[in-house]
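Enquirer: Make a model of this:
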Amino acid sequence: MRIRTKLLLAAFAGMGLTASAAHAQVGYTLDVTTHYQSGAPAGTLNGVSGGPDTGFFQIKNDGSSTFTGTISDVAMATNGSNDSFTSPALSLAPGGFVWIGIGHGGTGESSNQGGYNGPFGMPQPGVIIDLAGSVTAGINTEPITLSVNDSMIHSGVPRTNPFGVTLDNYVLQGGDPLGRDTGDGYETTQADGHFRFFEAPAPNGTATPLPASAWGGLVLLSGLAASRLMRRPSVV
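Expert: You can find the predicted model right below:
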């Protein structure tokens, strides 16, 4: 019986049915805050000084899973400069956060670049914020790719800018959808924008089931092994 048991366990292992990390709907709560200020928040990841002022965004993990991967922004200015940034691989445990500046030349003035990712004088997507990697909880992991534009991040506090546009978004480019310079006094007094990436975990962290063919092979193998053990006397 010991020999047949070992063969059965070996067959299970050959099918890949071993105890390892499983893909599951882990769930996450990742909050985005857009902000505009003079100087820079402490610990800004890409070292943008905010001199004299510029847009910053924060990614905070307000969930119970851990995010591992990269955080980046696509910031192609209409004046021709590329103010984009991609972080090195990082990990955000629950409660962890990072700040990233929209840094033209490493200093700032993201409101003076004619807007981002669209033609000047027309409504633009604004800076695009991307997260790519995975979230984990226990042995379960889930790959994620998330993206949001500055135009989609709202403060809930509408305000009329110096060009007569009433809005509560586009914080990172100074509060104008057409990329016009609204002036430091307006830019640095914008209410922060907020956006939440959210997914509820599956009940009990349910892992993705094995393909039907794998389960069928497991049931068939188990049935054959059991029938043979029932027909033959045990050998000790």
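
Enquirer: Just the endpoints, please. Distance across stretch 32-46?
Expert: 17 Å (C-alpha to C-alpha, to the nearest Å).

Enquirer: cool, stretch 73-85 as well?
Expert: Distance across stretch 73-85, first residue to last, is 5 Å (C-alpha to C-alpha).

Enquirer: quick check: mean pLDDT across that stretch?
Expert: Computed over stretch 73-85, the mean pLDDT rounds to 95.

Enquirer: any residues touching that stretch, and which ones?
Expert: Here stretch 73-85 makes contact (C-beta atoms under 8 Å, 6 or more residues apart in numbering) with 46, 57, 72, 100, 102-105, 110, 113-120, 124, 127-130, 179. The way it works is simple: take the backbone N, C-alpha and C, and place the C-beta from them, glycine included.

Enquirer: and the most centrally placed residue in the chain, how far is that from I144?
Expert: Residue closest to the average C-alpha location in the chain (C-alpha atoms, centre = their mean): L131, at 3.3 Å. L131 sits 7 Å away from I144, going by C-beta to C-beta, to the nearest Å.

Enquirer: now do F195
Expert: For F195, the distance to I144 - C-beta to C-beta - is 15 Å.

Enquirer: Return the set of buried residues in stretch 139-152.
Expert: Using 16 or more other C-beta atoms under 10 Å as the test for burial, stretch 139-152 gives 140-142, 144, 146, 148-152.

Enquirer: before we move on, what about stretch 48-61?
Expert: Buried residues in stretch 48-61, counting neighbours by 16+ other C-beta under 10 Å, are found at 48-50, 53-61.

Enquirer: Let's have the residues you listed in TSV, adding secondary structure, distance to S81 and pLDDT.
Expert: Shown next, in TSV, are the buried residues of stretch 48-61 (DSSP: H, G, I helix; E, B strand; the rest coil; distance: C-beta to C-beta, whole Å; pLDDT from 0 to 100):
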residue	secondary structure	distance to S81	pLDDT
V48	coil	14	93
S49	coil	16	91
G50	coil	17	92
D53	strand	17	95
T54	strand	13	96
G55	strand	14	97
F56	strand	18	98
F57	strand	18	98
Q58	strand	23	98
I59	strand	23	98
K60	strand	28	98
N61	strand	31	98
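
Enquirer: Farthest pair within these?
Expert: D53 and N61 (27.2 Å; C-beta to C-beta).

Enquirer: what are the ranges of the strands in the chain?
Expert: 22-23, 28-38, 53-61, 66-74, 85-86, 90-92, 97-101, 128-137, 140-149, 159-160, 166-167, 193-199 (DSSP state E).

Enquirer: okay, those in a markdown table with distance to G185 next?
Expert: Below are these laid out as a markdown table (distance: least, C-beta to C-beta, whole Å):
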| stretch | distance to G185 |
| --- | --- |
| strand 22-23 | 50 |
| strand 28-38 | 11 |
| strand 53-61 | 10 |
| strand 66-74 | 25 |
| strand 85-86 | 27 |
| strand 90-92 | 34 |
| strand 97-101 | 20 |
| strand 128-137 | 26 |
| strand 140-149 | 25 |
| strand 159-160 | 12 |
| strand 166-167 | 17 |
| strand 193-199 | 19 |
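
Enquirer: rewinding a little: spatially, what comes nearest to the residue nearest to the centre of the chain if we skip its sequence neighbours?
Expert: L146 (4.4 Å; C-beta to C-beta, 6 or more residues apart in numbering).

Enquirer: List the residues that contact that neighbour.
Expert: With C-beta under 8 Å, 6+ apart, L146 has these contacts: 30, 130-132, 197.

Enquirer: So which of the buried residues of stretch 139-152 is the closest to H35?
Expert: D150 (11.6 Å).
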